[in-house]
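S.K.: heads up, no residue letters with this:
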């Protein structure tokens, strides 16, 4: 890619638009979806979320790993994932309790 963030971001968006449009109109997946913009928005939101989470979870461990502190890097990454997993499980539990499932 380039060092220009606008070109990089617009290239990513163009890729998503082309990818979803091809799938939408050639695979029959868009049968119940009223517009091609819904799946484009959904995939864009997913990519944005994955990018933010990747940065939050991987940036510091990667810096530690590149500084030859491999054990600290792995520990930080695994602890981050573990704490996130526990928090997510608690939120799921709360949601199921509120819905009366638990």
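M.R.: Received the coordinates, thanks. Note that the structure is predicted; figures quoted are calculated from it, not measured.

S.K.: how near is residue 50 to residue 58?
M.R.: Separation of residue 50 from residue 58 (Cβ to Cβ, to the nearest Å): 11 Å. Placement of C-beta: from N, CA and C, glycine included.

S.K.: please say which of the two ends up with more neighbours.
M.R.: residue 58 (15 against 10; other Cβ atoms under 10 Å).

S.K.: show me what the host helix or strand of that one is packed against.
M.R.: Assigned by DSSP states H and E, residue 58 belongs to helix 37-66. Applying 3 or more Cβ pairs under 8 Å, 6 or more residues apart in numbering; DSSP states H and E, we find helix 37-66 packed against helix 5-26, helix 70-98.

S.K.: buried stuff in that helix?
M.R.: Across helix 37-66, burial judged by 16 or more other Cβ atoms under 10 Å covers 39, 40, 43, 44, 61, 64, 65.

S.K.: neighbours around the nearest residue to the fourth one once chain neighbours are set aside, how many?
M.R.: Think residue 44. Among residues not flanking residue 44 along the chain, residue 16 sits closest, at 5.6 Å (Cβ to Cβ, 6 or more residues apart in numbering). By the criterion of other Cβ under 10 Å, residue 16 has 18 neighbours.

S.K.: for residue 91, give me its contacts.
M.R.: Neighbour list for residue 91: empty [criterion: Cβ atoms under 8 Å, 6 or more residues apart in numbering].

S.K.: surely the residue nearest to residue 44 touches residue 41?
M.R.: No - if you go by Cβ atoms under 8 Å, residue 16 and residue 41 don't touch, sitting 9.5 Å apart.

S.K.: distance to residue 74 added to the buried residues of helix 37-66, as CSV?
M.R.: Listed next are the buried residues of helix 37-66 as CSV, based on distance: Cβ to Cβ, whole Å:
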residue, distance to residue 74
39, 37
40, 37
43, 31
44, 32
61, 7
64, 9
65, 8
